[in-house]
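Visitor: Attaching a predicted model along with its sequence, questions to come.
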Amino acid sequence: MIARRTCLALLALPFAATARADDALNTALRDAVGEKPVTDGGILLRVPALAENGGQVPLGIVVESPMTAQDHVTAIHVFASRNPTPGVATFRLTPMLARAEVQTRIRLAEDQRLIVLAETSTGRVMRTSAELRVGAGGCLS
């Protein structure tokens, strides 16, 4: 017979893992933009609702910006809430680009939320997110 404490400890395991993942994600977000205020919107995120292969998930990001010397996107940060390492990518941009747009493929471990932050030269930080389902995980633990 399994002891009561053992049963309770086994029930708590998923919650402990989720708490660690949330802590890692919050730390990664804070490391990227510090304590700057974040506003929702201004970013178009193109991802499939269902990624059959987590090893090659297409990702497209377009940020609304005039891309002038005075007001342009300086960085785009991509985070995955349940990947072993939440920070997926950071793209640095200059006003020499006509549009604040990037396209790539990323790896995702499992069903999770993608979070994208865009920093501007004026100090503004924009955010968007999307929930994705992953058929087969693309990360090793």
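Guide: Looks like it arrived, so ask away.

Visitor: where do the strands sit along this structure?
Guide: Under the criterion DSSP state E, the chain carries strands at the ranges 38-40, 43-46, 50-53, 57-63, 73-80, 87-92, 100-106, 112-120, 125-136.

Visitor: Could you give the bridge partners of the residue nearest the centre of the chain?
Guide: Central residue of the chain (C-alpha atoms, centre = their mean): residue 79, 2.0 Å from the mean position. For residue 79, the beta-bridge partners are residue 87, residue 115 (DSSP bridges).

Visitor: where does this protein have low pLDDT?
Guide: For the chain, residues meeting the criterion pLDDT under 70 lie at 1-21, 137-141.

Visitor: so residue 57 bridges to which residues?
Guide: Bridge pairing for residue 57 - DSSP bridges - gives residue 106.

Visitor: Look up how far residue 38 lies from it.
Guide: The gap separating residue 57 from residue 38 is 24 Å, by C-beta to C-beta, to the nearest Å. Yep, even glycine has a C-beta here, placed from its N, CA and C like the rest.

Visitor: coming back round to it: export the strands of the chain to a markdown table and tack on distance to residue 25?
Guide: Converted to a markdown table, the strands of the chain look like this (distance: least, C-beta to C-beta, whole Å):
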| stretch | distance to residue 25 |
| --- | --- |
| strand 38-40 | 14 |
| strand 43-46 | 17 |
| strand 50-53 | 19 |
| strand 57-63 | 17 |
| strand 73-80 | 6 |
| strand 87-92 | 9 |
| strand 100-106 | 15 |
| strand 112-120 | 8 |
| strand 125-136 | 11 |
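
Visitor: contacting residues around the residue nearest to the centre of the chain?
Guide: 25, 28, 29, 32, 86, 87, 88, 114, 115, 116, 117 (C-beta atoms under 8 Å, 6 or more residues apart in numbering).

Visitor: Likewise for residue 39?
Guide: 124, 125, 126, 127.

Visitor: Most neighbours among the residues you listed, please name it.
Guide: Among the contacts of residue 39, the one with the most neighbours (other C-beta atoms under 10 Å) is residue 126, at 20 neighbours.

Visitor: Isn't that residue up against residue 41?
Guide: Yes. Applying C-beta atoms under 8 Å as the test, residue 126 and residue 41 come out as touching, 6.4 Å apart.
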